[in-house]
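**Student:** Model the structure of this input:
(chains A and B)
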Amino acid sequence: SAVISQKPSRDICQRGTSLTIQCQVDSQVTMMFWYRQQPGQSLTLIATANQGSEATYESGFVIDKFPISRPNLTFSTLTVSNMSPEDSSIYLCSVSPSAVSQETQYFGPGTRLLVL
Amino acid sequence: GIQVEQSPPDLILQEGANSTLRCNFSDSVNNLQWFHQNPWGQLINLFYIPSGTKQNGRLSATTVATERYSLLYISSSQTTDSGVYFCAVGPSNSGYALNFGKGTSLLVTP
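**Tutor:** From the prediction side, this is the model:
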């Protein structure tokens, strides 16, 4: 298993500003993912972040809006840029511990973002 | 992309009752997981079950991959079972990322 922490746990931001969310894992993992959960909705994958390569973004998400860093095997950041009220969501980091086979994914506690 | 449909969307049970949640998916998968999102938003992994049957206490799950569905059984429900149950699948051709269904919102009353 993997223990994941996220910072901040919640924030209230003004429109037009940016927020960087940190994800820390207690063990080295190859695959890290960022998801968004809009109010009352399911989870949507934003991007996959592998160490040593550029993040891969899903349709509807772009690097200019959601830049991601993955400097090592235990850490990643997601920035929500030039925020608008529509960005108000829970942002979750997840990891897949195994690089050779699909298995259980583990999720962090999420970052609750409210944009005014 | 792969479609994931969960039913029912909402469910209200009295404590002690049993329930079955269903997840249908539109294409072959090599990863299927059930999650419980508690009222505080934390996602808890319940089962990794791309095929077969598993049991963990009062919960069990069955996936019939050839027929593209999975079932989550909750027996003798408790108020702490309340929350949203998500089914998430990993398509066979797209690596490790998961596609989530819309979830089943469960409320267990005393």
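**Student:** Pull up the residues of chain B that are close to chain A.
**Tutor:** Within chain B, the positions lying close to chain A (C-beta under 8 Å from any C-beta of the partner chain) are B:30-31, B:33, B:35, B:41-43, B:45, B:48, B:50, B:86, B:88, B:90, B:95-103. C-beta coordinates here come from the backbone N, C-alpha and C atoms, glycine included.
**Student:** Buried only: go through the residues you listed for me.
**Tutor:** Among those, the ones that count as buried by 16 or more other C-beta atoms under 10 Å in any protein chain shown are B:30-31, B:33, B:35, B:41, B:43, B:45, B:50, B:86, B:88, B:90, B:96-103.
**Student:** Quick check, central residue of chain A?
**Tutor:** A:Trp34 (3.1 Å; C-alpha atoms, centre = their mean).
**Student:** For the residue lying closest to it once chain neighbours are set aside, give its distance to B:Gly101.
**Tutor:** Nearest residue to A:Trp34, sequence neighbours excluded (C-beta to C-beta, 6 or more residues apart in numbering or on different chains): A:Ile46, at 4.4 Å. To B:Gly101, A:Ile46 is 18 Å away according to C-beta to C-beta, to the nearest Å.
**Student:** what does stretch B:34-42 contact?
**Tutor:** A:90, A:107, A:109-110, A:112, B:23, B:43-47, B:49, B:61, B:70, B:72, B:81-88, B:103 (C-beta atoms under 8 Å, 6 or more residues apart in numbering or on different chains).
**Student:** Write the ChimeraX selection for whichever of these are buried.
**Tutor:** Per 16+ other C-beta under 10 Å, the buried members of those correspond to this ChimeraX selection:
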select /A:90,107,109,110,112 /B:23,43,45,46,47,49,61,70,72,81,82,83,84,85,86,87,88,103
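**Student:** Among the contacts of stretch B:34-42, name the ones in strands.
**Tutor:** A:90, A:107, A:112, B:23, B:43-47, B:61, B:70, B:72, B:83-88 (DSSP state E).
**Student:** which neighbours does the helix or strand of chain A with the lowest mean pLDDT have in its sheet, and in what orientation?
**Tutor:** When the helices and strands of chain A are scored by mean pLDDT, DSSP states H and E, strand A:106-107 comes last with a mean of 90. Taking DSSP bridges as the criterion, strand A:106-107 forms sheet pairs with strand A:89-96 (antiparallel).
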